[in-house]
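In: Just to be clear, the model below is a prediction. Sequence and coordinates:
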There are 2 protein chains.
Amino acid sequence: MRSSELASLADVTVRTLRHYHRIGILPEPGRDPSGYRRYTIQDLVRLLRIKRLAALGIPLDKVAGLLDSEEEDHHDLLSDLEHELDAQIARLTRQKTMLGIIREHRTLPDVPPELARFFEAFALSGISPAMNRIDREQSVLLAHLVGEAGIEHLAEFYEHIAAPGTVEVVAGLARRFDRLDADADPAVTDRLVEDFTERLGMIVADFTGWDGGTDLIDGKLYGLFEQYLRDALNPAQRMVVARITERLKALTGPPA
Amino acid sequence: MRSSELASLADVTVRTLRHYHRIGILPEPGRDPSGYRRYTIQDLVRLLRIKRLAALGIPLDKVAGLLDSEEEDHHDLLSDLEHELDAQIARLTRQKTMLGIIREHRTLPDVPPELARFFEAFALSGISPAMNRIDREQSVLLAHLVGEAGIEHLAEFYEHIAAPGTVEVVAGLARRFDRLDADADPAVTDRLVEDFTERLGMIVADFTGWDGGTDLIDGKLYGLFEQYLRDALNPAQRMVVARITERLKALTGPPA
DNA sequence: CTTGCCCCCGACGTAAGGTCATGGTTTCCA
DNA sequence: TGGAAACCATGACCTTACGTCGGGGGCAAG
C-alpha cells in the first residue's frame, strides 16, 4: 500500500499520516526503491486504533502510551477527560443560552441582556445617540462592577425602571437631563433635581440599600465608574448628578 | 492606569492586553515618558466589551467589526455561531457518551465497546495473549469495515455468540483453534471443523446472510481483512478457516 | 516528450494567548 | 542613598492537529 491508499482506506489525509509519523505514534514503514512509503495491514490497524482514541478526544501525545501499555493505567486519563468534557459542554451550553437570549430579545451582544431593555427603551424615546452610548458603556462597566451575582439584583431594579408607567417618567427625565447645556439656567437644573427625587427617589433609594452595594463603593472600579460619568457629562449634568446623589443619601438615612 | 492595573481590573493578563493590541481590537494608548502605556477608562470599557463578546465564543477577528459597526449586520454571525455551538455540543456529548460506556464496562478504549465483551470473555477463558490480540485487531478492522451502521448488526451477532451457554462452546472451540500447531494432525483439524460447523454453523450462517454483507465482500478493505487473518494464522489454522468458510457457504445456500 | 497524477520534504499558518529571556524603570524600605 | 523587589517593554518560541503551499522527483499513458 502506498500512502494515499492507506489514507483513503482509513478516511484520513496523507498529511495526517505524516503528522502521525512525525509525532511518533505511527511507525515509519519501509520504503520502495523510489523512496515511497509502503504500508502494511499492521499500519492500517494501528492507524484505526489511533483514530478510535482520537475520536474520543484523547490528545495524540497520550495515544502512544495507551496503545502500547497493556493494562488499565489509563483509567485516570479517561476520567480526567470525562470531567473536562463536562466542563466544556457546560461552557458551550452557557454560551448558547446567552446567544439564544440575545437573539430572542434582539439586544446588542456586547451588553448584558438583562440591562439592555432599559436603554433600549430610552433609545426609542428621543434621547440623543451620545447619551445612549453613555448608557451602554455605563452598563458594561456596571455589569462588571457588580459581577455575575449582582447583575440579577440590578436587573430587578431595571425592571422597576422599565415598567410601563414608570419608563415614560424616566424617559422624560432622561430627555431633560440629556438636553442640559453646560451653562443651563439654575432654575432648570433645580426643577430636574426636584422632579427626579420626587418621582424616582424611593425606587432608587430602595435599590442603593442593597447589601452588596456598600462593599463596592470602596473599590477601585467604583471610583472609575464615577470618573467615567464625570468625563462624559457636562458641568450642569455633573451638578445635577451630585445633587441627586445628596438627596438620595438623605432618603436612605444617615450611614451608621 | 498602567497595564497591570487595567489587567487586574478587567480580570485578564497583561499578555492578553498586548495580544489585543497586536491584532488591533484594542487601540494602543499613549505612553508616559518612560515608555509605559497609560490607559484610560475608555480602554477599560472597550476591553470589557471585548470580553463580553469573547465570552460568547465570538472569534477575536470578528470582534472589531461588531464593536465598531452600529447596527445588526451581525445577526448572521450570531446565528452561524449558534449552529456551530450546537454541532460542537453534539460532538462532545457523543464523546462523553462513548467514554461513559467504556468506563462502565471497563473495556479497552481503542476497540468498539459493542464488540469488546466478546473477546473479553475469551481472554478470561484460557486463550493465548497472541490470539487475543488478533481478536482485538480484527475487531478494529471489522468495525471500520462495516461502518457505524453495520456495527450495530455486528453487536447483535456478538450478543448471540457471547450468550451464556454459547460462549463456553465458542471459548472451547477457540482454545482448540488457538492451540493448533502449524503441522497439526489432520484428524484434529477435521474434528474442529466438524464441531464448529455443527454447533455454531447456523448462528454464523444467519449472520452472513445480512444484506450489507455482500457489498463489503468486493471492497478493498475486505480483502485486507482476509489478508490480515492469513498473516496472523499458521497453515493449519488457515486451513481450518478455509474449510469452515466452505461449509458455511454450503449452509447459506448457493449464491444467485 | 509531455501531460497528469502520485510521492517526497520543508516551511509557514491557524486561535488565543502562555512562557521565557533580556533589559530598562519605578518604588519601597532600611 | 543605595539596593532589592516589583513592574514595564519588546521579541521569540510554544501549544493542537493538522491544512496549505512550494519545489523537486517518479511513473505510466497518450
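Out: Yes, it's here.

In: near DNA strand D, which residues of the stretch 51-200 of chain A?
Out: With C-beta under 7 Å from any atom of the strand as the criterion, the stretch 51-200 of chain A meets DNA strand D at residues A:Ala54, A:Pro59, A:Leu60, A:Asp61. In this view, the C-beta of every residue, glycine as well, is placed from N, C-alpha and C.

In: Ranking by neighbours, what's the top pick from these?
Out: For those, the largest number of neighbours (other C-beta atoms under 10 Å in any protein chain shown) sits with A:Ala54, at 16 neighbours.

In: Ramachandran coordinates for that residue?
Out: Backbone dihedrals for A:Ala54, given as degrees, to the nearest 10, come out at phi -60, psi -40.

In: I figured it hits A:Asp61, correct?
Out: No: under the contact definition of C-beta atoms under 8 Å, A:Ala54 does not touch A:Asp61, with a separation of 11.3 Å.

In: what's the distance between A:Leu192 and A:Asp178?
Out: As judged by C-beta to C-beta, to the nearest Å, A:Leu192 and A:Asp178 stand 11 Å apart.

In: Between those two, which is the more surrounded one?
Out: Each of A:Leu192 and A:Asp178 had its neighbours counted (other C-beta under 10 Å), and the higher figure belongs to A:Leu192 (21 against 16).

In: So the more buried one versus DNA strand C, what's the distance?
Out: Using C-beta to the nearest atom of the strand, to the nearest Å, A:Leu192 is found at 41 Å from DNA strand C.

In: Taking the stretch 101-250 of chain A, what residue is nearest to DNA strand D?
Out: Among residues of the stretch 101-250 of chain A, the one nearest DNA strand D by C-beta to the nearest atom of the strand turns out to be A:Lys220. It sits 13.7 Å away.

In: okay, that residue: pLDDT?
Out: A:Lys220 is assigned a predicted lDDT (pLDDT) of 82.

In: From what I see, it and B:Leu9 are in contact.
Out: Yes: with contact defined as C-beta under 8 Å, A:Lys220 and B:Leu9 form a contacting pair (6.6 Å).

In: What separation is there between the residue of the stretch 101-250 of chain A closest to DNA strand D and DNA strand C?
Out: For A:Lys220, the distance to DNA strand C under the criterion C-beta to the nearest atom of the strand works out to 15 Å.

In: Also A:Leu108?
Out: Distance, A:Leu108 to DNA strand C, using C-beta to the nearest atom of the strand: 19 Å.

In: ditto for A:Ile102
Out: Between A:Ile102 and DNA strand C the computed distance is 18 Å (C-beta to the nearest atom of the strand).

In: quick one, helices of chain A?
Out: When assigned using DSSP state H, the helices of chain A occupy the ranges A:3-10, A:14-22, A:41-55, A:60-68, A:75-105, A:113-123, A:129-161, A:167-178, A:186-208, A:211-218, A:220-232, A:235-252.

In: picking that back up, let me know how buried the residue of the stretch 101-250 of chain A closest to DNA strand D is, in neighbour terms.
Out: Residue crowding around A:Lys220 was assessed by other C-beta under 10 Å; the count is 11.

In: same thing with A:Tyr36?
Out: For A:Tyr36, the tally of surrounding residues (other C-beta under 10 Å) stands at 11.

In: Could you give the number of residues near the closest residue to A:Phe207 other than its chain neighbours?
Out: Spatially, and ignoring its direct neighbours in sequence, A:Phe207 is nearest to A:Phe157 (4.4 Å; C-beta to C-beta, 6 or more residues apart in numbering or on different chains). By the measure other C-beta under 10 Å, the count of residues near A:Phe157 is 17.

In: quick one: the residue in chain A that DNA strand C sits nearest to from A:Gln42, how far?
Out: The nearest approach of chain A to DNA strand C comes at A:Ser4, 2.8 Å away (C-beta to the nearest atom of the strand). With distances defined as C-beta to C-beta, the gap from A:Ser4 to A:Gln42 amounts to 18 Å.

In: circling back: can you give me the neighbour number for the residue of chain A closest to DNA strand C?
Out: Residue neighbour count, defined by other C-beta under 10 Å, stands at 11 for A:Ser4.

In: Please report how far it lies from A:Gly24.
Out: Remark: distance between A:Ser4 and A:Gly24 (C-beta to C-beta) = 22 Å.

In: Now do stretch A:229-243: everything it contacts.
Out: By C-beta atoms under 8 Å, 6 or more residues apart in numbering or on different chains, the list of residues contacting stretch A:229-243 from outside reads A:134, A:138, A:177, A:180-184, A:189, A:192-193, A:196, B:41.

In: ok, and for it, which residues are buried?
Out: When burial is assessed from 16 or more other C-beta atoms under 10 Å in any protein chain shown, stretch A:229-243 yields the following buried residues: A:Leu229, A:Ala232, A:Leu233, A:Ala236, A:Gln237, A:Arg238, A:Met239, A:Val240, A:Val241, A:Arg243.

In: Return the per-residue confidence for the first one.
Out: What that stands for is A:Leu229. On pLDDT, A:Leu229 comes in at 88.

In: cool, the fourth one as well?
Out: Model confidence at A:Ala236, given as pLDDT, is 94.

In: Tell me the spacing between A:Cys238 and chain B.
Out: Cys isn't right for residue A:238; it's Arg. Distance of A:Arg238 to chain B, given as C-beta to the nearest C-beta, to the nearest Å: 15 Å.

In: do you know how far that residue is from A:Tyr222?
Out: A:Arg238 sits at a distance of 17 Å from A:Tyr222 (criterion: C-beta to C-beta).

In: And A:Arg191, by the same measure?
Out: 29 Å.

In: Mind checking which of the two has more residues around it?
Out: Neighbours of A:Arg191 and A:Tyr222, each counted by other C-beta under 10 Å, are more numerous for A:Tyr222; the result is 17 against 12.

In: I'd assumed A:Leu145 was in contact with the more buried one.
Out: Yes: with the criterion set as C-beta under 8 Å, A:Tyr222 and A:Leu145 qualify as a contacting pair; they are 6.4 Å apart.

In: remind me which residues of the stretch 151-256 of chain A are low pLDDT?
Out: Confidence mapping of the stretch 151-256 of chain A against pLDDT under 70 gives the ranges A:208-218, A:252-256.

In: Flag every residue of it that's near chain B.
Out: A:Lys220, A:Leu221, A:Leu224, A:Gln227, A:Tyr228, A:Asp231 (C-beta under 8 Å from any C-beta of the partner chain).

In: got the contact list for the second one?
Out: Think A:Leu221. A:Leu141, A:His144, A:Leu145, B:Leu9.

In: got the residues of the stretch 101-250 of chain A near DNA strand C?
Out: Counting by C-beta under 7 Å from any atom of the strand, no residue of the stretch 101-250 of chain A is near DNA strand C.
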